[in-house]
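> coordinates for the following, if possible.
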Amino acid sequence: MTDPTPLIDVTEARLHYRVGSAVSAMMGRPAVVKAVDGVSFTLNRGESVGLLGESGCGKTSMGRLLVKLEQATGGSVRFDGEEIATLSGPALRRFRARSQMIFQNPFDAVNPRYSIAKSMAEPLANAGIPKAEWRERIIAALDLVRLSNPAQYLDRYPHQLSGGQLQRVVMARALILQPDFVVADEPVSMLDVSVRAGVLNVFRDVRDRLGLTAIYISHDLALVRYVCERTIVMYLGRVMEDGRTEDIVHRPLHPYSQALVAAVPVPNADQSHAPLPIGRGAPDPRNPPSGCVFRDRCPKAHARCAAESPKLHRVEGRGVACHLFDT
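Numbers count the residues shown, from 1 in each chain. A predicted model of the protein is given here:
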């Protein structure tokens, strides 16, 4: 059950990267990619929120900001009342134990030269857990993610496991310190369709049993709908819409949300994507459109969209960043 007390409070968060050649940088003209550009939202304890959007929309960058794998270039990210940008020493170690990330590719998330036991022991060692407790904790974590007879995996290596098995190991490693908050970055996108449902069911079950607060990152509305009660739709580093997942599925308000829903008319966990029914591909993130970043693909764009970036308005109980809803 969701506790209506914010665990995470994000205010005008920005993550900008300087890109381009050394020559352009020396001439004072480095390109800037605004991976996250003025994003604000709160996340209550026990809440599961999907970050939804096409590749390059900034959802992974946002997830990395939330667990301090990236340092914000502006704005604020507060975790349980503390600004994470200023955390250091013991406070940072406590934050690391309480917030974890489940990565997209399980084969990249673990050292191929380490046994499963050694990979699982790393967070325990970093947290100062006595070595005498490691084996029991590792087996308990593997059992939590429904790996049968978990002791048999301890001496195995990543290449000896299937993708589904290894993703469960990665999930177990993220959960071994019993965190309060988890970011899952497209955790089933690298897996065969036949094993996705099993991994998603484990994720939902563990989340509910532990009372986790969770961010689930995906480009697939069907998967977000299956896992999350609330969805934040992102495009080129900005929030387009933020509301209950079922409201967005049944009555999307932002034109971009409408396009995402139209691409998956009957959401289910195994359905593949159809092309988005909107004009052309996403623009170069180094040179986004003026005003509303979605305007050059939007069938409802008008003159104001080119001149002014829309703010996030409250409409029908949700946030929508679109001039169509200005009052």
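> make it CA atoms for all contacts and neighbour counts henceforth
Will do.
> show residues contacting the longest helix that the chain contains.
Assignment by DSSP state H gives helix 193-210 as the longest helix of the chain. The contact list for helix 193-210 (Cα atoms under 8 Å, 6 or more residues apart in numbering) reads 1, 144-146, 164, 167-168, 178, 188, 212-214, 227, 269-270.
> now swap in stretch 234-249 and tell me
34-39, 51-54, 56-59, 224-225, 228-233, 253-254, 256-257, 261, 285, 288, 293-294, 312, 317-322.
> so how far is that stretch off the chain centroid?
The gap between where stretch 234-249 is centred and where its chain is centred comes out at 13 Å by Cα atoms, centre = their mean, to the nearest Å.
> before we move on, the earlier item: selecting buried members of the contacts of stretch 234-249 in ChimeraX, what would you type?
Selecting the buried subset of the contacts of stretch 234-249 in ChimeraX, with 16 or more other Cα atoms under 10 Å as the burial test, is done by:
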select :34,35,36,37,38,39,51,52,53,54,56,57,58,59,224,225,228,229,230,231,232,233,253,254,256,257,261,285,288,293,294,312,318,319,320,321,322
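> in the protein, which segments are predicted with low confidence?
In the predicted model, the chain carries pLDDT under 70 at residues 1-4, 20-30, 265-277, 279, 327.
> on that earlier part again, among the contacts of stretch 234-249, which lie within helices?
Counting by DSSP H, these place 59, 224-225, 256-257, 261 in helices.
> can you redo the residues you listed as JSON lines with distance to Pro106?
Output for the ones in helices among the contacts of stretch 234-249, formatted as JSON lines (distance: Cα to Cα, whole Å):
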{"residue": "Lys59", "distance to Pro106": "19"}
{"residue": "Val224", "distance to Pro106": "20"}
{"residue": "Arg225", "distance to Pro106": "23"}
{"residue": "Tyr256", "distance to Pro106": "31"}
{"residue": "Ser257", "distance to Pro106": "30"}
{"residue": "Val261", "distance to Pro106": "29"}
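> of all the residues you listed, which comes closest to Pro130?
Lys59 (36.3 Å; Cα to Cα).
> contacting residues for the closest one?
Contacts of Lys59 (Cα under 8 Å, 6+ apart): 51-53, 217, 234, 237.
> pull the most distant pair out of the residues you listed.
Among those, Ile217 and Gly237 lie farthest apart (Cα to Cα), at 13.8 Å.
> need the strands for the chain, in chain order.
3-19, 31-45, 48-52, 74-79, 82-83, 99-102, 181-185, 213-218, 230-235, 238-244, 312-315, 318-321 (DSSP state E).
> which one of those strands is the most hemmed in?
Of these, the one with the most neighbours on average (mean count of other Cα atoms under 10 Å) is strand 48-52, at a mean of 28.
> what helices and strands are in contact with that strand?
Judged by 3 or more Cα pairs under 8 Å, 6 or more residues apart in numbering; DSSP states H and E, strand 48-52 is in contact with strand 213-218, helix 221-227, strand 230-235.
> could I get those in CSV, plus columns for distance to Val193?
CSV is the format used below for the helices and strands packed on strand 48-52 (distance: least, Cα to Cα, whole Å):
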stretch, distance to Val193
strand 213-218, 15
helix 221-227, 12
strand 230-235, 23
